[in-house]
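[1] Fold the following, please.
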Amino acid sequence: MHPNQILRDLFDTAVAKADPMQVIPKALPPKPDGRVVVIGAGKASARMAEAVESVWGPCEGLVITRYGYSRPCQGIEIVEAAHPVSDAAGMKATQRLLDLLAGLTPDDFVLALISGGGSALLCAPAGEMTLADKQAVHQALLASGAPIGQMNVVRKHLSRVKGGQLAAATPARMLTLMISDVPGDNPADIASGVTVGESSTPQQALEIVEKWHIRIPDTARAALQHSSVIPVGDPRLAHVENRIIAAPSASLAAAKTQAEALGMSVRILGDAIEGEARDAADAQIQQALTIQKELGAADQPVLLLSGGECTVTRRGDGVGGPNAEFVLAALTALNAQPGIHVLACDTDGVDGAAEVAGALIGPDSMERARERHIDPAKALANNDSHSFFAMLESQIITGPTLTNVNDFRAILIQPLQSRG
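    Residues are numbered from 1 along each chain as shown. Sure thing, here's the model as predicted:
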């Protein structure tokens, strides 16, 4: 099998491991007696709702997911809204969700289905902020290069639902099932912790804004002074249980098992790698080159796997995302080195704001770029990775995967003497 196909199959395996239809039935308790309401938000939430009803049957509820990510449900209403920047549909649906929760009693039961993307899909601006103000903040955060955890701190203190506030909006018993897309799998970071107590302060959020030179509207600065996040240990969250049911580590482990069955020596570099995508690529490619020099003709190929969530600080006006930028930086660092293939994709099928999961390159990619008169270094300087790989015909386009366990990166290293 061609190395490029092997890497693509490993990515598909990682995605399948986090399919809500596989993980929800194993995590779901028996359906409680009395009134049961299912709520949710995130790129995987509609698929999660579909999986719930496959076990429990038709349920009452409302779930917000990304445009194009809806699934057919028997009773749960699915509303689509914008991601990564919120829109009016998301704000309207969030208010409906809050109204639904407000009508419940301590005798009722809420099942919350939360996955990555929920930060943008659950939109309830704090203070005097408008939707336009919220959108401006989101766009500034995404362009800043700040780690996702720090972005979420700011988002929490500018919201009426994040940082535990969604759970505090109801007295009903609540079980939250989460699919993690964040480095470290901290429940407070998944979709900005809408059902989890918050340990950060408004002052810390303001410090992040200053550190990363994030321009925010005056209404947002004012809202930071009156944050209403729910502190860790607050009795208003005593009725909530939070449980992670899928995480990047499990998907990397599934890919590792499959690769080992194909005769590879696998090294997992970590499932929580953060930082600039191009810097992570440079570091991993240098590691790959060192490994290749040490391989003998009879040695197994080596596979480097990693997860996490890299970022891109926008310097140009191109179209790209952190996974495609990782591969583009890897291409320039490798400079047609034989025997090394690289894949990086977002497991939700969306790298940045484009409907592209990521990209895949091999030793022939640099020559193919030269034949097409496209310059990887120029594209990298302009943050134009998606355009570059579209012209190179090396994009990976999956469509909605209906799950989200963050980035998946794989570097296959073949011994120079035995590559074929």
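[2] can you give me the mean pLDDT across stretch 132-151?
    Stretch 132-151 comes out with an average pLDDT of 90.
[3] Need the residues that contact that stretch.
    84-87, 91, 120, 123, 125, 154-155, 158, 182-184, 186, 189, 208, 211-217, 219-220, 274-276, 309, 311-314 (Cβ atoms under 8 Å, 6 or more residues apart in numbering). Just so you know, the C-beta spots here come from the backbone N, C-alpha and C atoms, and that holds for glycine as well.
[4] Could you check that stretch and say which residues are buried?
    133-138, 140-151 (16 or more other Cβ atoms under 10 Å).
[5] Also stretch 396-410?
    Buried residues in stretch 396-410 (16+ other Cβ under 10 Å): 396, 398, 400-410.
[6] Could you do stretch 341-357 as well?
    341-354, 356-357.
[7] ok, of those residues, which one's closest to L334?
    Proximity of the buried residues of stretch 341-357 to L334, judged by Cβ to Cβ, is greatest for V342, which lies at 7.5 Å.
[8] Make sure that closest one is indeed in a strand.
    Yes - per DSSP: H, G, I helix; E, B strand; the rest coil, V342 lies within a strand segment.
[9] How much space separates it from T332?
    Look at V342 and T332: by Cβ to Cβ, to the nearest Å, they are 11 Å apart.
[10] do the same with A379
    9 Å.
[11] between the two, which one's more packed in?
    Counted by other Cβ atoms under 10 Å, A379 and T332 do not tie: A379 has more neighbours, with 26 against 18.
[12] Show the contacting residues for the more buried one.
    In this structure, A379 makes contact with 318, 328, 385, 387-388, judged by Cβ under 8 Å, 6+ apart.
[13] Just those residues: which are in strands?
    Taking DSSP state E, every one of the contacts of A379 sits outside strands.
[14] These in helices, which ones?
    328, 385, 387-388 (DSSP state H).
[15] List just the nearest of those residues to I361.
    L328 (8.5 Å).
[16] tally of neighbours for the closest one?
    30.
[17] Pretty sure it sits against F389.
    Yes - assessed by Cβ atoms under 8 Å, L328 is found in contact with F389 at 7.3 Å.
[18] residues touching the nearest residue to R236 once chain neighbours are set aside, list them.
    Among residues not flanking R236 along the chain, A168 sits closest, at 4.2 Å (Cβ to Cβ, 6 or more residues apart in numbering). Contacts here follow Cβ under 8 Å, 6+ apart; on that basis A168 touches 230, 234, 236-237.
[19] And the strands in the stretch 51-200 of the chain, which stretches?
    60-66, 77-81, 109-115, 173-179 (DSSP state E, counting those that start in this stretch).
[20] Deepest in the core, which of those is it.
    strand 109-115 (a mean of 27; mean count of other Cβ atoms under 10 Å).
[21] give the contact list for A89.
    79-82.
[22] Now do the same for it: its pLDDT.
    Confidence at A89, expressed as pLDDT, is 98.
[23] Tell me the spacing between it and Q95.
    11 Å.
[24] which ones are touching I397?
    So I397 contacts 349, 355-357 (Cβ under 8 Å, 6+ apart).
[25] From those residues, pick the one nearest C59.
    For those, the nearest to C59 is G349 (26.2 Å; Cβ to Cβ).
[26] ok, the closest one - contacts?
    355, 357, 397-401 are the contacts of G349 under Cβ under 8 Å, 6+ apart.
[27] try L122
    Per Cβ under 8 Å, 6+ apart, neighbours of L122: 41, 64, 90, 94, 97, 159, 161-162, 166, 191-192, 194.
[28] I'd like those residues laid out as JSON lines, including distance to V266.
    Converted to JSON lines, those look like this (distance: Cβ to Cβ, whole Å):
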{"residue": "A41", "distance to V266": "34"}
{"residue": "I64", "distance to V266": "37"}
{"residue": "G90", "distance to V266": "40"}
{"residue": "T94", "distance to V266": "42"}
{"residue": "L97", "distance to V266": "42"}
{"residue": "S159", "distance to V266": "40"}
{"residue": "V161", "distance to V266": "40"}
{"residue": "K162", "distance to V266": "37"}
{"residue": "L166", "distance to V266": "39"}
{"residue": "A191", "distance to V266": "31"}
{"residue": "S192", "distance to V266": "33"}
{"residue": "V194", "distance to V266": "35"}
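[29] tell me the phi and psi of V161?
    Backbone dihedrals for V161, given as degrees, to the nearest 10, come out at phi -120, psi -30.
[30] burial of it, as a residue count?
    Around V161 there are 28 residues (other Cβ under 10 Å).
[31] where does it sit relative to T401, distance-wise?
    In terms of Cβ to Cβ, V161 sits 25 Å off from T401.
[32] next one: Q414
    Distance from Q414 to T401, by Cβ to Cβ: 28 Å.
[33] V232 and L206, how far apart?
    20 Å.
[34] still on that earlier bit, what sits in contact with each of L328 and F389?
    Joint contacts of L328 and F389 (Cβ under 8 Å, 6+ apart) are A359.
[35] what's near enough to touch I24?
    Taking Cβ under 8 Å, 6+ apart as the test, what I24 contacts is 48, 51-52, 54-55, 177, 245.
[36] and which of these is nearest to V302?
    Out of the contacts of I24, the member with the shortest distance to V302 (by Cβ to Cβ) is I245, at 31.4 Å.
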